[in-house]
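**Q** Generate a structure from the sequence data that follows.
(chains A and B)
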There are 2 protein chains.
Amino acid sequence: MITDKLIEKIIEKQNPTAVGLDTELGYLPEELRAGIASPEEAAEAIFTFNKTLLDHVYDLIPAVKVQIAYYEQYGAAGIDCFIKTVDYAKGKGLFVIADCKRNDIGSTAARYSAAYLGETEIGGAVSFACSADFLTVNGYLGSDGITPFTDDCKKHDKGIFVLVKTSNPSSGELQNLKLADGRAVYECMGDMVEGWGADTVGAYGYSAVGAVVGATYPEEAKVLRKRLPHTFFLIPGYGAQGANAEMLKNCFDEKGLGGIVNNSRGILCAYKKTGGTYFDAARKACVAMQEDLRSVLGEICAK
Amino acid sequence: MITDKLIEKIIEKQNPTAVGLDTELGYLPEELRAGIASPEEAAEAIFTFNKTLLDHVYDLIPAVKVQIAYYEQYGAAGIDCFIKTVDYAKGKGLFVIADCKRNDIGSTAARYSAAYLGETEIGGAVSFACSADFLTVNGYLGSDGITPFTDDCKKHDKGIFVLVKTSNPSSGELQNLKLADGRAVYECMGDMVEGWGADTVGAYGYSAVGAVVGATYPEEAKVLRKRLPHTFFLIPGYGAQGANAEMLKNCFDEKGLGGIVNNSRGILCAYKKTGGTYFDAARKACVAMQEDLRSVLGEICAK
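**A** Next comes the predicted model:
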């Protein structure tokens, strides 16, 4: 079961970190950007950056999160780069979270699921557009927009993370509103997520249907960790967005399990603060982040 | 202003219809599908289908909606087909709604906006990945996830449609819950949309920030039409999803303005019911839909 496997890798590496490959052209050092004049050249340079960076950090981390918006802006060449990045990370033994926040009515959600988690039939044969392990999705449309994804999770041993309490400053405008029944909207979304995952709970007690819970909101994280005992968290907001290790402690259970923390700019752009090569700086930033997380989580242990 | 221009085209054609190019390989007639064995061939066949279909209906309609999930399942080749379809439709004088339901925190939403509505800088020059007129977005993250899109709307004369009350059976699970202040969640989202559009209201009284309102929920549509006087509606649910013309009357104002109705399978797959070529059947289905809409809306008139 995919979430069990991810948890095993987190325990093995003692590191609940996902490096976020939200790779902007502007994040690349000058020597990789020089002379680039087309989307194809931009996509190729970004792939080179991603590969070299992964070569230098893959042994430290269990997973990467690849944010597709940064690739879509380069059109088809960008999508080709996104897919190659996913494949390269998987080849390095990493779990891959495709951060696409997809959502639609059932018949259309099934196509998104086919694209990232499942398969597409072409001429009687099966084709895989992108073989991510996890996909982020938005649950505003309710159950029939989620079922196609959870069906593929069961069929192909994949997982999803549904937006519950996002890390951005305005997330409370809708998500923190109180419902007539006393729950906040994010609690209601969390309850739906716990329900959607009820039939995929694995050996460590967490299901294949996770939740996105921002580290920037520790009070809400505390509520959600208690309320959603079988829901694994994808935790953005550490680093550039302002959350520190102490703030995200609430996302984890007493064993140091229950979530994985994303860091994008803090790793990709570490060299801009420290100097040196981007890949050495990224490795040092990964080590520093691991130490920072372990300072609050201690030994991560399934016992 | 983009919404004014769309409304002028609707009045000129006397037809508030968007043909939905949610083109599945299975929708193509056998002769277009024969021998296809790769994503590249699938994408090419779909583009041929889209082009021929547009050649036969473009004079009847003001706009198309292109649903990207159907293209993403073919990877980079699918995205290339999506972008070429958008360009071909624009070349035929049609307004193009990119139905992508994108959403993220501000810095990432800005990359999605760059991909579909704005521009990307590459090597000091400006690059356009996809030149749609409108993009559908999901507002679960609140204002800072929307601002990058509305900024590009103002800069590039584009528009967005935010999911408010979706057409699918489960949409009420979250969207119809009552808030403590007495509003339903969809009313609250609608109020935010009306606010996000307040500074882009055009000559016909509608802003560049529209709402997705499903024709399958006429009671909610009635509430929203009254509540959001400056919000133009993108209306899915007609035809295959079960809504008829009478049900979507509530989405329009007394002049027959205020919305555009999408029909995908009812046009693309019309030939499967009627026989004949797919393009002749699509044209007949467009004419029949126009007559059906006009039977409830009457003369569409700005006066």
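**Q** In its sheet, which strands sit next to the helix or strand encompassing A:A18, and in what direction?
**A** Per DSSP states H and E, A:A18 falls inside strand A:17-20. Here strand A:17-20 is paired, per DSSP bridges, with strand A:63-67 (parallel), strand A:259-263 (parallel).
**Q** Could you pull up the mean pLDDT of it?
**A** Averaged across strand A:17-20, the pLDDT comes to 98.
**Q** Then stretch A:167-181?
**A** 98.
**Q** Next, the contact list for A:A115, please.
**A** Residues in contact with A:A115 (C-beta atoms under 8 Å, 6 or more residues apart in numbering or on different chains) are A:129-130, B:69, B:72-73, B:75. Glycine gets a C-beta too; all of them are placed from N, C-alpha and C.
**Q** Then A:L174?
**A** The neighbours of A:L174, taking C-beta under 8 Å, 6+ apart as the test, are A:185, B:139-140, B:142, B:185, B:188-189, B:192.
**Q** Which of the strands paired with strand A:17-20 sits closest to B:E254?
**A** Of all those, strand A:63-67 sits nearest to B:E254, with 44.9 Å by C-beta to C-beta.
**Q** Can you list the neighbours in contact with that closest one?
**A** With C-beta under 8 Å, 6+ apart, strand A:63-67 has contacts from A:6, A:9, A:17-22, A:54, A:82, A:85-86, A:89, A:94-99, A:132-133, A:234, A:260, A:262, A:264, B:104, B:108.
**Q** Can I get that strand in CSV, CA atoms only?
**A** Extracted in CSV, the C-alpha atoms of strand A:63-67 (Å, rounded to 0.1, in the frame of the first residue of the first chain):
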residue,chain,number,x,y,z
ALA,A,63,10.1,11.9,-1.9
VAL,A,64,9.8,14.9,-4.2
LYS,A,65,6.8,17.1,-5.0
VAL,A,66,6.7,18.4,-8.6
GLN,A,67,4.5,21.5,-9.0
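**Q** The closest residue to A:N263 other than its chain neighbours - how many residues pack around it?
**A** The shortest distance from A:N263 to any non-neighbouring residue, by C-beta to C-beta, 6 or more residues apart in numbering or on different chains, is to A:G239 (4.8 Å). By other C-beta atoms under 10 Å in any protein chain shown, 22 other residues sit near A:G239.
**Q** surely A:G239 meets A:C269?
**A** No - with contact defined as C-beta atoms under 8 Å, A:G239 does not reach A:C269; the gap is 9.9 Å.
**Q** who's in contact with the residue nearest to A:N263?
**A** Here A:G239 is in contact with A:263-266, A:289 (C-beta under 8 Å, 6+ apart).
**Q** show me where the stretch 201-303 of chain A has strands.
**A** A:209-213, A:233-235, A:259-263 (DSSP state E, counting those that start in this stretch).
**Q** now these as TSV including mean pLDDT, mean neighbour count and distance to B:F252?
**A** Listed next are those as TSV, based on pLDDT from 0 to 100; neighbours: other C-beta atoms under 10 Å in any protein chain shown; distance: least, C-beta to C-beta, whole Å:
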stretch	mean pLDDT	mean neighbour count	distance to B:F252
strand A:209-213	98	29	37
strand A:233-235	98	28	41
strand A:259-263	97	27	44
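**Q** Now render those strands as TSV, adding distance to B:P39.
**A** As requested, the strands of the stretch 201-303 of chain A are exported to TSV (distance: least, C-beta to C-beta, whole Å):
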stretch	distance to B:P39
strand A:209-213	29
strand A:233-235	29
strand A:259-263	30
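**Q** which one of those strands lies closest to B:G214?
**A** Of all the strands of the stretch 201-303 of chain A, strand A:209-213 sits nearest to B:G214, with 25.1 Å by C-beta to C-beta.
**Q** Strand A:259-263 and the closest one, what's the angle between them?
**A** 50 degrees (axes from the mean of the first three to the mean of the last three C-alpha atoms, to 10 degrees).
**Q** Now look at strand A:209-213 and say if it contacts chain B.
**A** No - residues of strand A:209-213 are not located near chain B by C-beta under 8 Å from any C-beta of the partner chain, the shortest gap being 10.2 Å.
**Q** Check whether A:G139 really touches A:L163, as I assumed.
**A** Yes - under the criterion of C-beta under 8 Å, A:G139 makes contact with A:L163 at 6.6 Å.
**Q** So what's the residue count around the closest residue in space to A:T274 that isn't next to it in sequence?
**A** What sits nearest to A:T274 in space, not counting adjacent residues and going by C-beta to C-beta, 6+ apart, is A:A281, at 4.9 Å. Other residues lying near A:A281 total 21 when counted by other C-beta under 10 Å.
**Q** need the contact list for A:A281.
**A** A:A281 touches A:270-271, A:273-275, counting by C-beta under 8 Å, 6+ apart.
**Q** Looking at per-residue confidence, what score does A:K303 get?
**A** For A:K303, the pLDDT comes out at 65.
**Q** go on, A:S127?
**A** In this model, A:S127 is scored at 88, pLDDT.
**Q** Share the number of residues neighbouring the spatially closest residue to A:V57 that is not a sequence neighbour, please.
**A** Spatially, and ignoring its direct neighbours in sequence, A:V57 is nearest to A:C286 (4.9 Å; C-beta to C-beta, 6+ apart). For A:C286, the count of nearby residues is 24 (other C-beta under 10 Å).
**Q** Surely A:C286 touches A:L60?
**A** Yes - under the criterion of C-beta under 8 Å, A:C286 makes contact with A:L60 at 4.8 Å.
**Q** what residues are shared contacts of the two?
**A** Shared contacts of A:C286 and A:L60 (C-beta under 8 Å, 6+ apart): A:T17.
**Q** So the helix or strand hosting A:D80, near chain B or not?
**A** Following DSSP H and E, one finds A:D80 within helix A:75-91. Yes - contact of helix A:75-91 with chain B (C-beta under 8 Å from any C-beta) involves A:75-80, A:83.
**Q** Can you add neighbour count and pLDDT and give these back as JSON lines?
**A** Formatted as JSON lines, these follow (neighbours: other C-beta atoms under 10 Å in any protein chain shown; pLDDT from 0 to 100):
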{"residue": "A:G75", "neighbour count": "23", "pLDDT": "96"}
{"residue": "A:A76", "neighbour count": "25", "pLDDT": "97"}
{"residue": "A:A77", "neighbour count": "22", "pLDDT": "97"}
{"residue": "A:G78", "neighbour count": "27", "pLDDT": "97"}
{"residue": "A:I79", "neighbour count": "28", "pLDDT": "97"}
{"residue": "A:D80", "neighbour count": "21", "pLDDT": "97"}
{"residue": "A:I83", "neighbour count": "23", "pLDDT": "97"}
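**Q** Any buried residues in the helix or strand hosting A:T48, and which?
**A** Element membership of A:T48, judged by DSSP H and E, is helix A:39-57. Going by neighbour count (16 or more other C-beta atoms under 10 Å in any protein chain shown), the buried part of helix A:39-57 is A:39-47, A:49-51, A:53-54, A:56-57.
**Q** what do you get for stretch A:269-286?
**A** Quick answer for stretch A:269-286 (16+ other C-beta under 10 Å): A:269-271, A:278-279, A:281-286.
**Q** State the mean pLDDT of it.
**A** Average pLDDT, stretch A:269-286: 97.
**Q** ditto for stretch A:185-203
**A** Rounded mean pLDDT across stretch A:185-203 is 98.
**Q** Next, the residues that contact it from outside, please.
**A** A:1, A:3-4, A:7, A:139, A:142-143, A:146, A:150, A:153-154, A:162-165, A:174-177, A:179, A:183, A:207-211, A:220, A:223-224, A:227-231, B:173-174, B:177, B:185.
**Q** which of those residues are buried?
**A** Neighbour-count burial (16+ other C-beta under 10 Å) applied to these gives A:1, A:3-4, A:7, A:139, A:142-143, A:146, A:150, A:153, A:162-165, A:174-175, A:177, A:179, A:183, A:207-211, A:220, A:223-224, A:228, A:230-231, B:173-174, B:177, B:185.
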